[in-house]
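> What follows is a predicted protein model with its sequence.
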Amino acid sequence: MKIQRHGAVLGLVAASALLLSACGSDNNAPAGGTNTSSNAASVPVECGGKTKLNAEGSSAQKNAVDAFVQAYQAACPGVDLAYNPSGSGAGVKNFNAGQVDFGGSDSALKEGAEAEAAAKRCQSNPAWNLPLVFGPVAIGYKVSGVDSLVLDAKTTAAIFSGAVKKWNDPAIKALNGSATLPDKDIAVIYRSDESGTTDNFQKYLKVAGGWTKGDGKQFKGGVGEGKEKSAGVAQAVGSIDGAITYVEWSFAQDNKLSIAKIDSGAGAVELNAESAGKAIDEAKIKGQGNDLVLDLDSIYGSKAAGAYPLLLATYEIVCSKGYDADTAKAVKAFLTVAATTGQAQLADAGYVPLPKAFQDKLLTAVKAIA
């Protein structure tokens, strides 16, 4: 299967193609009924419960959630979900405070106080981290005359810590052969708000590039200028010659940023759906039971040929138990649609559809929510 994205044809991984061919929806299903497609492989959706859900968090998944809401409304007429892309930190905080029905975060709940607060919000039941959206993180840049750029993790870490300050630094030149690189200052742009994208980016640099600044939702590089949310950093780079940032693929494309290739030791890899899909195939689950926390270190440190290692998984943080009956039913209906028919539009929005193995595990967890 091939899907058009901003004029570029993206070849999806075989597992994703199988998933998309298996999904479908019946737009005539009544609210409160069971929605099934004519395809035997599709998953029934039990509509009903609350007609308006509220969620908040990761701005990285905003475009994906928009697609999920459309699919949800088609499957269960008369329903809606309001999503506030306030950032992962706010999503976790407001979920734990009971202000939203579920939170979106680009990193799993931290063990200790954060997870304990989530359990308290869930009436003394554990909260689950459910990976629903996979999005590559682009190293987006704007440098006049430089349309192609190769970086590795070590050099990227040096740029974002301020150790490499010029575009024609020997470390960058060594990765780019005969390319003409300007004697221009590098303007680092980072997320100023708490962000799971920042957390994942710094973890990637730590695993693969020798980053010693630490990780977490706050950028710790100590250099550059901060901008709020994914849209803010992408727009800033688009207006500054010599700028560079880390940002979700869709935002880099929407703002027409150049995107660096990454060389993890097996050659430069361009960011596309196929290379991101190869990386996802290597992800391992380290959470227990239906708490589907991923071990992304195996992806970040992978030297697999053709795999783009810099990506994040956005988790929907939900109560395993503790919802009232109407909320539980609506949350389950939304997540079921999002994990099946809702995946069909993700490649157009700059994401990678769920591989079949992840879809199966996710649907098992969603079914168990009470």
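Thanks, I have the structure now. Residues are numbered from 1 along each chain as shown.

> Taking the centroid of the protein, which residue is nearest it?
residue 135 (3.7 Å; C-alpha atoms, centre = their mean).

> you'd agree residue 276 is in a helix?
Yes - according to DSSP: H, G, I helix; E, B strand; the rest coil, the state of residue 276 is that of a helix.

> How many neighbouring residues does it have?
Per other C-beta atoms under 10 Å, the neighbour tally for residue 276 reads 28. Just so you know, the C-beta spots here come from the backbone N, C-alpha and C atoms, and that holds for glycine as well.

> Please name the residues that touch it.
Neighbour list for residue 276: 134, 136, 249, 308, 311, 352 [criterion: C-beta atoms under 8 Å, 6 or more residues apart in numbering].

> tell me which of those is nearest to residue 50?
Nearest to residue 50 among the contacts of residue 276 is residue 134, at 27.4 Å by C-beta to C-beta.

> what are the phi and psi values for the closest one?
Main-chain torsions, residue 134, degrees, to the nearest 10: phi -110, psi 120.

> One more: the one 3 residues further on?
Residue 137 adopts backbone torsions of phi -100, psi 120, taken as degrees, to the nearest 10.

> residue contacts, the residue nearest to the centre of the chain?
Contacts for residue 135 (C-beta under 8 Å, 6+ apart) come out as 60-61, 64, 248-250, 311-314, 350-352.

> rerun at 6 Å
Residues near residue 135 by C-beta atoms under 6 Å, 6 or more residues apart in numbering: 60, 248, 312, 351.

> just the buried members of those residues?
By neighbour count, with 16 or more other C-beta atoms under 10 Å, the contacts of residue 135 hold 60, 248, 312, 351 as buried.

> from these, which is closest to residue 173?
residue 248 (28.3 Å).

> isn't that closest one right up against residue 61?
No - counting by C-beta atoms under 6 Å, residue 248 stays clear of residue 61, with 8.5 Å between them.

> now the contacts of residue 276 as a markdown table including secondary structure?
Below are the contacts of residue 276 laid out as a markdown table (three-state DSSP):
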| residue | secondary structure |
| --- | --- |
| 134 | strand |
| 136 | strand |
| 249 | helix |
| 308 | coil |
| 311 | strand |
| 352 | strand |
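
> Kindly indicate which of those residues lies nearest residue 231.
Nearest to residue 231, judged by C-beta to C-beta, of the contacts of residue 276 is residue 249 at 13.6 Å.

> ok now do that closest one, which residues does it touch?
136, 138, 350.

> Could you rerun that using 10 Å?
5, 60, 135-138, 140, 259, 271-273, 276, 308, 310-311, 349-352 (C-beta atoms under 10 Å, 6 or more residues apart in numbering).

> so what pLDDT did it get?
Residue 249 is assigned a predicted lDDT (pLDDT) of 90.

> and if you look at residue 358?
So, for residue 358, pLDDT stands at 79.

> three-state assignment of it?
Relying on three-state DSSP, one would call residue 358 helix.

> What count of nearby residues applies to it?
By other C-beta under 10 Å, neighbour count at residue 358 equals 23.

> Assign the residue lying closest to it once chain neighbours are set aside to helix, strand or coil.
Leaving aside its sequence neighbours, residue 358 sits nearest to residue 131 (C-beta to C-beta, 6 or more residues apart in numbering; 6.7 Å). Assigned with three-state DSSP, residue 131 falls in the strand class.

> my read: residue 131 touches residue 366, true?
No - between residue 131 and residue 366 there is no contact under C-beta atoms under 10 Å: 11.8 Å.

> So what's the gap between the helix or strand containing the residue nearest to the centre of the chain and the chain middle?
In this structure, residue 135 sits in strand 127-142 according to DSSP states H and E. Averaging C-alpha coordinates over strand 127-142 and over its chain gives two centres that are 2 Å apart (C-alpha atoms, centre = their mean, to the nearest Å).

> next helix or strand past that strand?
The C-terminal neighbour of strand 127-142 among helices and strands, as given by DSSP H and E, is strand 150-151.

> tell me the angle of the next helix or strand after that following strand relative to strand 127-142?
Following strand 150-151 in sequence order, the next helix or strand is helix 153-160 (DSSP H and E). On the basis of axes from the mean of the first three to the mean of the last three C-alpha atoms, to 10 degrees, helix 153-160 is oriented at 80 degrees to strand 127-142.

> Can you tell me which helices and strands helix 153-160 packs against?
strand 127-142, strand 150-151, helix 170-175, strand 187-191, helix 196-209, strand 243-248, strand 261-263 (3 or more C-beta pairs under 10 Å, 6 or more residues apart in numbering; DSSP states H and E).

> among these, which is nearest residue 336?
strand 127-142 (10.9 Å).

> tell me the average confidence for that closest one?
95.

> residues contacting residue 228?
So residue 228 contacts 59, 86-87, 191-193, 195, 236 (C-beta under 10 Å, 6+ apart).

> out of the residues you listed, what pair is the most spread apart?
Pairwise over the contacts of residue 228, using C-beta to C-beta, the maximum falls at 86 and 236, 18.8 Å.

> Need the worst-confidence member of the buried ones among the contacts of residue 135.
Among the buried ones among the contacts of residue 135, residue 60 has the lowest pLDDT, at 83.

> And it, how far from residue 176?
Distance of residue 60 to residue 176, given as C-beta to C-beta, to the nearest Å: 28 Å.

> Repeat that for residue 133.
Residue 133 is 32 Å from residue 176, by C-beta to C-beta.

> Find residues that contact each of residue 248 and residue 61.
106, 133, 135, 230, 312, 314, 351.

> which non-adjacent residue is nearest the first one?
Translated: residue 106. Residue 106 sits nearest to residue 196 (C-beta to C-beta, 6+ apart), 2.2 Å away.

> Give the buried subset of the contacts of residue 249 as a ChimeraX selection command.
With 16+ other C-beta under 10 Å as the criterion, this ChimeraX line picks the buried residues out of these:
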select :5,60,135,136,137,138,140,259,271,272,273,276,308,310,311,349,350,351,352
